Every structure is written in C-alpha cells, then in structure tokens.
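*Asks:* Output the structure for:
(chains A and B)
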Amino acid sequence: MAKDFPKRSENYSEWYNELVVRADLAEQSAVRGCMVIKPYGYAIWEKMQHQLDKMFKETGHQNAYFPLFIPKSFLSREAEHVEGFAKECAVVTHHRLMNDPNGKGVVVDPAAKLEEELIVRPTSETIIWSTYKNWIKSYRDLPILCNQWANVVRWEMRTRMFLRTAEFLWQEGHTAHATREEAEAETRRMLDVYAEFAEKYMAVPVLKGHKSPNERFAGALDTLCIEAMMQDGKALQAGTSHFLGQNFAKAFEVQFLNKENKLEYVWATSWGVSTRLMGALIMTHSDDNGLVLPPHLAPIHVAIVPICKSDEQQRQLDEHIAPIVKALEAKGLVVKYDNRPEYKPGWKFNEQEMRGIPLRIEIGPKDIENGQCVIASRWNGEKVIVPLDKLEETVYAKLEEAREGMYNKALENMNNRTYSCETIDEINKALEEKGDGFIKAMWCGDEACEDEVKEKTGVGSRCIPFMQERKAGNCVCCGKPADKYVIWGRQY
RNA sequence: CGGGGUGUAGCGCAGUUGGCUAGCGCGCCACGUUCGGGACGUGGAGGCCGGAAGUUCGAGUCUUCUCACCCCGACCA
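*Replies:* Below you'll find the model as predicted:
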C-alpha cells in the first residue's frame, strides 16, 4: 500500500491532485493557473503526440505553425466566435518595460502602448483563416489539411492540473474544403481518428456523437465529440471535431473559383485534443497505489528489480541481468534496471507502481539458480513466476493483456454506470442511488428542456451518440415526442 | 466570478491570552548494519513563518490590504 496516499473512495479530487504530483507528472508553477509538466509527465504527452501526429499524417495532414498573438480585431470578425471566446483571453497591451522611476524593479513603459492590442490565442481559427485567405484562390488550392501543435491560453476561473489550466498544450487541425460534403466527411474522419487513438492507445472507451447546439464550439455548425467516463462516473470531453460551415470563410472573405469559374466560399473544419487527455488517462485507469499506464503510452515498459543481500550478490545479478535487459531492448521495449543500492526492493516496488510502469520483473539469487524470475503486472497486481527462456514472449503477452484488460475494465465501469431514465425524477433517483454516471434519456431538442434538466438534476447533455438505440420516445423533461437519445452527465 | 478553507524547512504538521535562541515527523547529507512489499542506529545540514503596510517596548501570533493554492458551484479543451 502506498503510504499516506489518499484513497479514491475517500476523496477523489485529493487523490487525483496527489497522484499527479507523486507520480511526478506535473506540479503547480509560480504562475496562476499554470502548471509545470515534469519530464516523466511530458514523456507520456510526447508519446501521445507522436502517435497522433502519425495518424494525422496518415490521413493526409501536414504540420504548420501560426502566431501566438492574434490582433484583437480578428476575434470580432466572427460574431459567435467572439461571444464564446473573448471573455477569457489574455491581452498584450504594451511592448516594453522600463526601470521604475521610484527605483523598484521594472514597470510597463506607458510610451510603449500597442496601437492594436494582441490577444494570446485561445484557439487559432481567426489567425489561420486570415492566412488561408492568401493561400486560396482556386479549387486547385483545396483542400488545405493543416495541423499545428501549440500552446493556447484561456483565463479559466478555476483550474485543475491537466484538466483545466490557464495555458495548455494541444493540437488544432484546420482544414479548408471546396464542398460541404468533403468538410463534413473530414469532421467525421478526424473524430474517428481520435476515437481510435483513445481506445487503442489510451485503452479508454469513448462514446462518439454530436454536441447539442447549446454545447457547440463558438462558430461551428456542428460539433462532434468523444466522451469518456472517469472512474467516479463523471464525463470528460476527450476530443472535439467541428464542422464550421462557411462561417469563417465569410468572416475572413476566403473565396475560390470553382471549375465552373464561379466564386464560392470555402468550407471549414477544426479539431483538437489537448493535455486534458493526460487527465483522462489518469482518471480512467489509476488506482489507490498510483498511476496505471497503458503499455503504448508508458515511457518505461518494464522495471527490473534485483533482490540481493550483499555487494557480491549485486555484482552477480548485474552480470546475469545485463543480457536480459539487452534482449528486451532489442525488441523495442524501454527497460529500466533499477539496481540503486540505497533503496530496498519494497521501496522500489511502490515507487514504480506510483509511476504506473506496466510490468515489473523481480530477480534474486534463487531465481538465477532456478532459471526463472517474477513478473508483476501493474494494472491488476498479478504476479507470476516465468522461466527465463520464456521471458520475452511472456513480457509481450503481459503487455497486450494489460492493454486489453485495462480497456475492458474501463468499459465495464462505463456500462455499470450508465442508466436509462424516462423522467427527471428517475434521473435524480439514479444519481442519488448509484452516483454519477451517464444518463441515457430522450430529448425533444428544445433548448429550454436541456436547461431545465441541468437545473433540476445537475447533469447536462454531453453527447447525442451516433448510435441511437432508440428512435422515438418522450422527452425526459417536457414529455413531448422526442427523437434524440442523449447521454447526460456531470462533466470535468 | 459567488460561497467555504489553507499558506510556518523539500513534504506533512505543532506553535497557548502577543514575550526571550521557532519546534516535531518524513525526506535530505555522512558512516555503519540491512535488502523477495515503503529497514534501523548515530551524527549533521536545512527557516525574512506567502507578500506588503500598520498597531506595539516586542508580531508566526492582532488589524488592513494583497498573492497563491485547495474544495463546492457557474464557465470551459
């Protein structure tokens, strides 16, 4: 058992915060709402980036980079967009500091006021579409399939590490198309990429669907999302893909000549996932002993701990284990041989478990004699004795077992915490008796009903799944005929 | 942004109605004994008590302001 480590059942928030710090993923910085992502946490993010980047390129996208700063006037070009974003932005007003005339440090030089303020990007649609205007003249210039890896700033009121920070890292894809159909297909294609990434690499099951109009991205005609369920039953929006229609093309006057020599506005999409995925990863799999990582995203796959009683034994073990490490590394695995003498094996076990290393191999003098070792799996705590000549294949089998087992466990939690409800009373009853979860209920599509459900139950509409299990019924709120089966829930 | 809470060593905390040299546990450093689930002994280093102003002979302790973090909401990736 991890010492002084909070249990999920006692205080889920405290457990989460403590885990982020103790697993060495991140810590609070000196800047309000901003975190420092530590090397181990960043290594996990890099693995995510690497895989996603590969998938983006496989679907024909290229990386580019656009400015951090956006002229203030750009934000107001698209009416809904400014409504959704303008209130939570950091603004640059000056470009120079000067020595304080009173002798204390530096102050903003009032003479260096910018003619037009610059906004630190909360998202890049506006700066990118102002650029695309120059890139697009003809249907031959389309489609443009760009992605950028970047940081963005949103001045959030309440921050939580990885889940909501004032500055966060993400990728944002911005594509331009000649037809509505092509843009809609792109929107869906990228959502599918996100879903595949979540399920295959993060071992996180997700629901795919539409956001309700109320929950849409500011300026989008349709927002697709993947929603994941955390262990406490709350929903986490893991990725979004927006069909932007011609809104931004019109706002930035981006037109092209089609084959018939007619001027048309360009169709747009944007899609993104952020470091919030780290939060999803943590809250989906981890336990009261710390982080649990799926093998595909673990910076270290296998930790090897030698068990010995003397320096002489240590030397012998080092000799025996060196070729084992080499053999596993030759298979592409990252192996950490932890022979630090200053820590006892039990201490190392706990540290490795806190950091979520998928497999641990224990080898002592007796094991060498018997030609065997112990393999312990992080995700389920299972320990098995394995002959050394079967080690490589067993390691592979155990890693695959972990990926599949973690996914199934998460899926089971999601299923167990999904409740079908017909009325608002039933929603409240389900939440009270079984705790947070996904509420499945029919909705008539009226925004007033959506608001009323939120007000009376605390759960909001999270997702209108593509897979509609029910085609018709009565609205959970007003009782009128309804044709949308909606997932409701509390969200992070 | 509304309500509540917390800031004292790297971490977790104690510090009485204001009083003299600010303590404890863990961790850290040195040496020795240990090592199959967070070992132990001895010695040692480490502090503008979140920041600023004020009250006072005297402030970790009282007052005001400010900053940051945590929790519950509202908002969002």
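*Asks:* Apart from its chain neighbours, what residue comes closest to the residue of chain A found nearest RNA strand B?
*Replies:* Closest approach between chain A and RNA strand B, counting by C-beta to the nearest atom of the strand: residue A:364, at 2.1 Å. Yep, even glycine has a C-beta here, placed from its N, CA and C like the rest. Closest residue in space to residue A:364, ignoring its immediate chain neighbours: residue A:307 at 3.5 Å, by C-beta to C-beta, 6 or more residues apart in numbering.
*Asks:* Then residue A:333?
*Replies:* In space, and not counting its chain neighbours, residue A:333 is closest to residue A:301: 4.6 Å by C-beta to C-beta, 6+ apart.
*Asks:* same check, this time on residue A:212
*Replies:* Nearest to residue A:212 is residue A:461, by C-beta to C-beta, 6+ apart, at 4.6 Å.
*Asks:* Beta-bridge partners for that neighbour, please?
*Replies:* Counting by DSSP bridges, residue A:461 is bridged to residue A:488.
*Asks:* shouldn't it be in contact with residue A:450?
*Replies:* Yes. Look at residue A:461 against residue A:450 with C-beta atoms under 8 Å: they come within range, at 5.4 Å.
*Asks:* Which residues are in contact with each of those two?
*Replies:* Counting by C-beta atoms under 8 Å, 6 or more residues apart in numbering, the common neighbours of residue A:461 and residue A:450 are A:212, A:214, A:443.
*Asks:* List only buried entries from those residues.
*Replies:* Neighbour counting by 16 or more other C-beta atoms under 10 Å classes A:212, A:443 among those as buried.
*Asks:* Of the shared contacts of residue A:461 and residue A:450, which is the nearest to residue A:348?
*Replies:* Comparing those against residue A:348 with C-beta to C-beta places residue A:212 closest, at 49.2 Å.
*Asks:* what's near enough to touch that closest one?
*Replies:* So residue A:212 contacts A:443, A:447, A:450, A:461, A:464, A:486 (C-beta under 8 Å, 6+ apart).
*Asks:* from these, which is closest to residue A:116?
*Replies:* The closest of those to residue A:116 turns out to be residue A:447 (C-beta to C-beta; 36.0 Å).
*Asks:* Would you agree residue A:378 is in contact with residue A:355?
*Replies:* No. Between residue A:378 and residue A:355 there is no contact, the gap being 9.3 Å when judged by C-beta under 8 Å.
*Asks:* Grab the CA positions of stretch A:438-446 and hand them over as CSV.
*Replies:* C-alpha atoms of stretch A:438-446 as CSV (Å, rounded to 0.1, in the frame of the first residue of the first chain):
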residue,chain,number,x,y,z
PHE,A,438,-24.1,8.5,-17.9
ILE,A,439,-27.8,9.1,-18.0
LYS,A,440,-29.5,7.9,-21.2
ALA,A,441,-32.7,9.8,-21.8
MET,A,442,-34.8,11.0,-24.7
TRP,A,443,-34.8,14.7,-25.6
CYS,A,444,-37.1,16.7,-27.8
GLY,A,445,-34.4,19.0,-29.0
ASP,A,446,-35.8,22.1,-27.2
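*Asks:* Report the rounded mean pLDDT for that stretch.
*Replies:* Stretch A:438-446 carries an average pLDDT of 95.
*Asks:* ditto for stretch A:85-101
*Replies:* The average pLDDT for stretch A:85-101 rounds to 84.
*Asks:* Now do the buried residues in it.
*Replies:* Neighbour-count burial for stretch A:85-101 flags A:85, A:89 (criterion: 16+ other C-beta under 10 Å).
*Asks:* Equivalent analysis for stretch A:385-401, please.
*Replies:* Result for stretch A:385-401 [16+ other C-beta under 10 Å]: buried residues A:386, A:388, A:391, A:394, A:395, A:398, A:399, A:401.
*Asks:* The first one - that's part of a helix, no?
*Replies:* What it means is residue A:386. No. Assessed with DSSP: H, G, I helix; E, B strand; the rest coil, residue A:386 is strand; it does not lie in a helix.
*Asks:* Over to residue A:55: give its phi and psi.
*Replies:* With angles defined as degrees, to the nearest 10, residue A:55 sits at phi -70, psi -40.
*Asks:* tell me the pLDDT at the residue nearest to it when sequence neighbours are not counted?
*Replies:* Among residues not flanking residue A:55 along the chain, residue A:193 sits closest, at 5.1 Å (C-beta to C-beta, 6+ apart). Listed pLDDT for residue A:193 reads 98.
*Asks:* so what's residue A:193 up against?
*Replies:* Counting by C-beta under 8 Å, 6+ apart, residue A:193 makes contact with A:52, A:55, A:56, A:59.
*Asks:* Switch the residues you listed over to CSV; also include distance to RNA strand B and secondary structure.
*Replies:* As requested, the contacts of residue A:193 are exported to CSV (distance: C-beta to the nearest atom of the strand, whole Å; DSSP: H, G, I helix; E, B strand; the rest coil):
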residue, distance to RNA strand B, secondary structure
A:52, 14, helix
A:55, 18, helix
A:56, 17, helix
A:59, 20, coil
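*Asks:* Can you give me the neighbour number for the closest residue in space to residue A:143 that isn't next to it in sequence?
*Replies:* Excluding the flanking residues, the one nearest residue A:143 by C-beta to C-beta, 6+ apart is residue A:177, at 4.7 Å. Residue A:177: 21 surrounding residues under other C-beta atoms under 10 Å.
*Asks:* count of neighbours near residue A:254?
*Replies:* Residue A:254: 22 neighbours (other C-beta under 10 Å).
*Asks:* An error on my part: the question was meant for residue A:416.
*Replies:* Residue A:416 is flanked by 12 other residues according to other C-beta under 10 Å.
*Asks:* Need phi/psi at it.
*Replies:* With angles defined as degrees, to the nearest 10, residue A:416 sits at phi -60, psi -20.
*Asks:* Show the pLDDT at it.
*Replies:* pLDDT, residue A:416: 95.
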